[in-house]
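In: Output the structure for:
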Amino acid sequence: MIKNTVYKILLILLFLVIANLIYAQISVECFGGAGRVSGSCFLLKTGDSSVIVDCGSFYDEGNLPSDNSVINKKLVNADAMVLTHAHNDHSGRVLQLISEGFNGNIYCTDSTKKILFEMYDDGWNYDYVKKKYFWSKSKREKIQLRESRDTVTVHWYSACKNAVKNKEESKNEISLVQLKNKYGINFKVCKNCLSKDLEKLRDRFVSVEYKENMDITDKINFSLYNAGHISGSASVIFYVYDENKIKTVAFSGDLGSGYSKITPDKDIIPKVDYVFVETTYGGVKKDIGNADYRKFQETISDAVKNNKIVWIPSLSLHRTQKVLFEIKQAQVNGLIPYDIPVYSLSPSSNGITDRYEKEVSFPSRERWFKNEVYQIGSFLPENYITKKPKEFSIPSIIISASGMMDQGVSYGLINKLLPSENVEVFLVSYASPKTPAGKLKKGAKYIRVGKNSVKVAAKVNVFDIFSDHPDIEELMKWLSNQDSDTKIYLIHGEKDILNKALTLYKQRGFENTKIAVEGINNLN
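Out: Reported below is the predicted structural model:
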């Protein structure tokens, strides 16, 4: 009798354990963005359902690993992805994930989809996409012989084979980064092959309106809320069905600063059970207003009056467009002459600017911008030039990507512009400490470019008014519907900032706050 009773109790306990695993076990596994800023990538899992939130690229953050070449198989096998916005540290590995075998839909706002495909059309983020590429052997050898910075075009559709003479190809699937490492030269993707790939991908990206309820599986659905960070940026709330209960899990994505002149402010999300919130600035409080934007305009004005070349390395997406908008306003305010050449030299930046201009001319239902932007009708200053001249006019304004100056057009301009006393550099983006822009912010007198060391004679100005991230007060506003029962996980921050923020959140009454860890975070 006793044995039977013990046996029944054990069966009941076993049933409860299994039931808990099946129905109650909700977890978020962090593959990036935990204990660091970059590489945003989270896997929300319950039972046999899983959804990815973002799949961003890593960048150098001191001693933290920044390898973008490996995609975890758990991500490849997920049911779907929700993408919060188009910035590289949130979306930079999406194409790579697809090439590794991910077959789910990718949900995002319509503006995020349009911005992404604008950048994809320029070959953005194909560096780690593995294919059986083929290319011209003779051109490859010629560039190697001359040690030229020219690029070799790679193809992967058979329709291009007849057009490539003296062809060579990879025996196995290989990435552009691996090709570069093997031959020591740069490769770029064929536009025709690229367009065929992208056409196949468009339907995989499903546009979702803000506050629309969307099903992913029978256990998970979600809604997007305007994050106010950049055009189309979203916070996401998941509704996870656990038998007769619903558990709510929110991801902030990147939130807006609250003082952007072009982007509408963020939505305040409703009460949830769990929230993963960006902590880029931690406990910092920022007071930025019209006077700070005016100072930016006036500083450029002074440089132009002194016959200087103004060089503004900037992020391609959203930051460049905000800078253009301020230059336009400076012209309207009489601070910068209308005939000063404004060179925008990065194809990716110019493609996004064109997309922004289309939205201003033909507003979408989603409304990417504040009403004032639509009333002004353009981001473009007068004498806006997208073709690089043989020599830059003096004075003139140059905008180039990247904002960290470690790649792209900006990296190529270091040798030409930093050694000149006739140049003023305006740093307007976040820059990792080891990048050229990060070193300039610290007052470096020399910047290494390849094997050479470039002396810095240009004047360096730093402006933090264009940040798209919230300070502590804006974060508290976004969390104003939460209470002490809400379990908060801090993400997207450097370790010391996360620790300071943890203390501050608890002081503000959010007692159930912790720092998200890399790996599995169980939400029970």
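In: Let me see the contact set for the closest residue to residue 62 other than its chain neighbours.
Out: With sequence-adjacent residues excluded and distances taken as Cβ to Cβ, 6 or more residues apart in numbering, residue 62 is closest to residue 433, at 7.1 Å. C-beta coordinates here come from the backbone N, C-alpha and C atoms, glycine included. Contacts for residue 433 (Cβ atoms under 8 Å, 6 or more residues apart in numbering) come out as 62, 439, 442.
In: what separates residue 142 from residue 157, distance-wise?
Out: Distance from residue 142 to residue 157, counting by Cβ to Cβ, to the nearest Å: 24 Å.
In: if we can go back for a sec, what subset of the contacts of residue 433 is buried?
Out: Buried members of these, counted by 16 or more other Cβ atoms under 10 Å: residue 439.
In: Out of the contacts of residue 433, list just those in helices.
Out: residue 439 (DSSP state H).
In: which one of the contacts of residue 433 is nearest residue 55?
Out: The closest of these to residue 55 turns out to be residue 62 (Cβ to Cβ; 22.5 Å).
In: quick one: pLDDT of that closest one?
Out: Per-residue pLDDT puts residue 62 at 78.
In: next one: residue 149
Out: On the pLDDT scale, residue 149 is placed at 76.
In: Please apply the same query to the one 3 residues further on.
Out: Model confidence at residue 152, given as pLDDT, is 96.
In: Write down the beta-bridge partners of it, one by one.
Out: Per DSSP bridges, the residues bridged to residue 152 are residue 187.
In: tell me the contacts of it?
Out: 135, 136, 139, 140, 143, 185, 186, 187, 188 are the contacts of residue 152 under Cβ under 8 Å, 6+ apart.
In: Reformat these as a markdown table; add pLDDT.
Out: Below are the contacts of residue 152 laid out as a markdown table (pLDDT from 0 to 100):
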| residue | pLDDT |
| --- | --- |
| 135 | 97 |
| 136 | 96 |
| 139 | 94 |
| 140 | 95 |
| 143 | 93 |
| 185 | 93 |
| 186 | 92 |
| 187 | 95 |
| 188 | 94 |
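In: and the two most separated of those?
Out: Maximum distance among these (Cβ to Cβ): 14.0 Å, for 136 and 186.
In: ok, of the contacts of residue 152, which come out buried?
Out: Buried among the contacts of residue 152 by 16+ other Cβ under 10 Å: 135, 136, 139, 140, 143, 185, 187, 188.
In: my read: residue 240 touches residue 272, true?
Out: No: look at residue 240 against residue 272 with Cβ atoms under 8 Å: they stay out of range, at 10.8 Å.
In: any residues in contact with both of the two?
Out: By Cβ under 8 Å, 6+ apart, the residues touching both residue 240 and residue 272 are 248, 249.
In: Which residue of those two possesses the greater neighbour count?
Out: Shown here are residue 240 and residue 272; by other Cβ atoms under 10 Å, residue 240 has more neighbours (24 against 19).
In: got a list of what the closest residue to that one other than its chain neighbours touches?
Out: Spatial nearest neighbour of residue 240, excluding adjacent residues (Cβ to Cβ, 6+ apart): residue 247 at 4.7 Å. Shown in contact with residue 247 (Cβ under 8 Å, 6+ apart): 26, 239, 240, 273, 274, 523.
In: let's go with 10 Å and repeat that
Out: By Cβ atoms under 10 Å, 6 or more residues apart in numbering, the contact list for residue 247 reads 24, 26, 46, 238, 239, 240, 241, 272, 273, 274, 523, 524.
In: and residue 31, that one's in a strand?
Out: Yes: judged by DSSP: H, G, I helix; E, B strand; the rest coil, residue 31 forms part of a strand.
In: Could you report the pLDDT at it?
Out: Predicted confidence (pLDDT) for residue 31: 97.
In: Residue 342 now?
Out: At residue 342, the pLDDT value in this model is 98.
In: so it touches residue 385, yeah?
Out: Yes: between residue 342 and residue 385 there is a contact under Cβ atoms under 10 Å: 6.6 Å.
In: how close does the closest residue in space to residue 93 that isn't next to it in sequence sit to residue 25?
Out: Excluding its sequence neighbours, the residue lying closest to residue 93 (Cβ to Cβ, 6+ apart) is residue 55, at 4.6 Å. Computed with Cβ to Cβ, the distance linking residue 55 and residue 25 is 23 Å.
In: Could you look up the SS state of residue 45?
Out: Recorded secondary structure, residue 45: strand (three-state DSSP).
In: thinking again about what came up before, what kind of secondary structure is the residue nearest to residue 62 in?
Out: coil.
In: packing partners for the strand or helix carrying residue 206?
Out: According to DSSP states H and E, residue 206 maps onto strand 205-207. In terms of contacts (3 or more Cβ pairs under 10 Å, 6 or more residues apart in numbering; DSSP states H and E), strand 205-207 is packed against strand 80-82, strand 105-108, helix 110-120.
In: Quick one: distance of that strand to the chain centre.
Out: With Cα atoms, centre = their mean, to the nearest Å as the basis, strand 205-207 stands 18 Å off its chain's centre.
In: What of stretch 465-482?
Out: On Cα atoms, centre = their mean, the centre of stretch 465-482 falls 18 Å from that of its chain.
In: ditto for stretch 33-41
Out: 11 Å.
In: Repeat that for stretch 352-363.
Out: Distance, centroid of stretch 352-363 to centroid of chain: 20 Å (Cα atoms, centre = their mean).
In: Give me the contact list for that stretch.
Out: For stretch 352-363, the external contacting residues (Cβ under 10 Å, 6+ apart) are 86, 111, 114-115, 117-119, 122, 231, 262, 315-318, 320-321, 324-325, 344, 346, 364, 366-369, 371, 373-380, 384, 386, 399, 401.
In: ok, 7 Å please
Out: With Cβ atoms under 7 Å, 6 or more residues apart in numbering as the test, stretch 352-363 has contacts from 114-115, 118-119, 316-317, 320-321, 324, 344, 368-369, 373-374, 377-380.
In: Which positions within it qualify as buried?
Out: The neighbour-count check on stretch 352-363 (16+ other Cβ under 10 Å) flags 352, 353, 355, 356, 359, 360 as buried.
In: could I have that stretch exported to PDB, CA atoms only?
Out: Taking Å, rounded to 0.1, in the frame of the first residue of the first chain, the C-alpha atoms of stretch 352-363 are listed here in PDB:
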ATOM      1  CA  ILE A 352      18.700  56.000 -48.100                       C
ATOM      2  CA  THR A 353      18.400  59.800 -48.600                       C
ATOM      3  CA  ASP A 354      16.600  59.200 -51.900                       C
ATOM      4  CA  ARG A 355      14.200  56.900 -50.000                       C
ATOM      5  CA  TYR A 356      13.600  59.500 -47.400                       C
ATOM      6  CA  GLU A 357      12.900  62.100 -50.100                       C
ATOM      7  CA  LYS A 358      10.300  59.800 -51.600                       C
ATOM      8  CA  GLU A 359       8.600  59.500 -48.300                       C
ATOM      9  CA  VAL A 360       8.500  63.300 -47.800                       C
ATOM     10  CA  SER A 361       7.100  63.800 -51.300                       C
ATOM     11  CA  PHE A 362       4.600  60.900 -51.000                       C
ATOM     12  CA  PRO A 363       3.800  60.300 -47.400                       C
END
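In: average model confidence for it?
Out: What stretch 352-363 shows for mean pLDDT is 96.
In: hang on, the earlier thing: just the helices and strands packed on strand 205-207: most buried one?
Out: For the helices and strands packed on strand 205-207, average neighbour numbers computed from mean count of other Cβ atoms under 10 Å are highest in strand 80-82, which has a mean of 25.
In: What strands flank that strand, and is each parallel or antiparallel?
Out: If you go by DSSP bridges, strand 80-82 pairs up with strand 49-53 (parallel), strand 105-108 (parallel).
In: can you put those strands in a markdown table and add distance to residue 34 and mean pLDDT?
Out: Listed next are these as a markdown table, based on distance: least, Cβ to Cβ, whole Å; pLDDT from 0 to 100:
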| stretch | distance to residue 34 | mean pLDDT |
| --- | --- | --- |
| strand 49-53 | 12 | 97 |
| strand 105-108 | 22 | 98 |
